[in-house]
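# give me the fold of what follows.
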Amino acid sequence: MKERFKAYLEEQFRTIRPTAAAMKYREQTLVELLERAQELKIKGIDDEELVYLTCIDELGDFKATLKEFDEKEVEVKATKRKIGVGAVLSLALVLILTVTYLVVGFVTHLWHPTWLIMVGGIFAGAGVGILVGAIKLIKKKKFIPVRFMAMLVEIMASVFVFLVLQLVFNLNGSWMTFLAMVALIVGVDTAIAFLTSSKVKWFELPLFVEIFAVMLFVILGIVTSLWHPMWLLCLVGVVFAVIELVVFVVIRHNRKSAEEGKKIKKHHKEVDEEYWTKWND
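Residues are numbered from 1 along each chain as shown. All right, here's what the predicted structure looks like:
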């Protein structure tokens, strides 16, 4: 029995790459087959052929299983290579940024705020890494982590913009970058919700409009000091939410009416068929 199992596995494993992991998997499968064969014999099945065929049959579509195993191993190795390349690129980026910072510092003697070169590079590298990870998650249709990753990228970008405006251009209202950041985060999240057909997309849209209007009101109020009648901007989100609610209710009502109409027609058709085919005897 053991030799038959070995022969079967040798034939099947020739369809995938001869790696150490594949050899280990082959040995493990042989042990499982022998254990299963022993269980069947203990249960009273003495027919060797029946035991063999039963064990092999329980493996299912073993060719497909091996193909999936091989593809996963390839994917794991590719991931390791990508991590290695990413690590090398990250070290190279840090080295380039450090050298650039030192050159600019020694040439211009402006050690501050030239350190923003390094901060910007680190943020950019981290942002690219996060976006690459987000693309992989999108392919797997895992959208909730993607939304948090997009938020993290937006926060890093906003912090860098604030540092540049504050330290390089010395703008008094540079802190308002964080007000714009709030609207940006909600806006991008709303866009992702629509692109992924999220169930909460119609709730996020009026929320984004209201937050955008409030942030715009605060920024314009600070810049122009025209708090009145700028406060009317805060009502834009409320009006938009009411309009969206009306549209949503109308669309839902029309959809329900169409579904009920189809049900009524189907019911009448069934009743008509029953009328023509039913007999009392």
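# and the helices in the stretch 1-150 of the chain?
Taking DSSP state H, counting those that start in this stretch to define them, one finds helices in the stretch 1-150 of the chain at 2-13, 20-42, 48-58, 62-108, 111-114, 116-139, 143-163.
# which of these sits closest to Leu220?
Nearest to Leu220, of all the helices of the stretch 1-150 of the chain, is helix 143-163, at 18.9 Å by Cβ to Cβ. The C-beta positions use only the backbone N, C-alpha and C, and glycine is treated the same way.
# give me the mean pLDDT for the closest one.
Mean per-residue pLDDT for helix 143-163: 93.
# helices and strands around that helix, which ones?
With contacts taken as 3 or more Cβ pairs under 8 Å, 6 or more residues apart in numbering; DSSP states H and E, helix 143-163 sits against helix 116-139, helix 177-195.
# format the ones you listed as a markdown table; extra columns: mean neighbour count, mean pLDDT and distance to Lys80.
Formatted as a markdown table, the helices and strands packed on helix 143-163 follow (neighbours: other Cβ atoms under 10 Å; pLDDT from 0 to 100; distance: least, Cβ to Cβ, whole Å):
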| stretch | mean neighbour count | mean pLDDT | distance to Lys80 |
| --- | --- | --- | --- |
| helix 116-139 | 15 | 85 | 15 |
| helix 177-195 | 18 | 92 | 30 |
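# for the helix or strand bottoming out on mean pLDDT in the chain, packing partners?
Least confident element among the helices and strands of the chain, by mean pLDDT, DSSP states H and E: helix 234-277 (a mean of 76). Using 3+ Cβ pairs under 8 Å, 6+ apart, the elements in contact with helix 234-277 are helix 201-224.
# just the C-alpha atoms of the helix it packs on, please, in CSV.
Written as CSV, here are the backbone C-alpha positions of helix 201-224 (Å, rounded to 0.1, in the frame of the first residue of the first chain):
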residue,chain,number,x,y,z
LYS,A,201,-22.0,56.1,0.5
TRP,A,202,-25.3,58.0,0.5
PHE,A,203,-24.8,58.9,4.2
GLU,A,204,-21.2,60.0,3.7
LEU,A,205,-21.9,62.3,0.8
PRO,A,206,-24.0,64.9,2.7
LEU,A,207,-21.6,64.6,5.6
PHE,A,208,-18.7,65.5,3.3
VAL,A,209,-20.6,68.4,1.9
GLU,A,210,-21.4,69.7,5.4
ILE,A,211,-17.9,69.3,6.6
PHE,A,212,-16.5,71.0,3.5
ALA,A,213,-18.9,73.9,3.9
VAL,A,214,-18.0,74.4,7.6
MET,A,215,-14.3,74.2,6.9
LEU,A,216,-14.6,76.7,4.0
PHE,A,217,-16.7,79.0,6.2
VAL,A,218,-14.0,79.0,9.0
ILE,A,219,-11.1,79.5,6.5
LEU,A,220,-12.9,82.3,4.6
GLY,A,221,-14.0,83.8,7.9
ILE,A,222,-10.4,83.9,9.3
VAL,A,223,-9.0,85.2,6.0
THR,A,224,-11.6,87.9,5.2
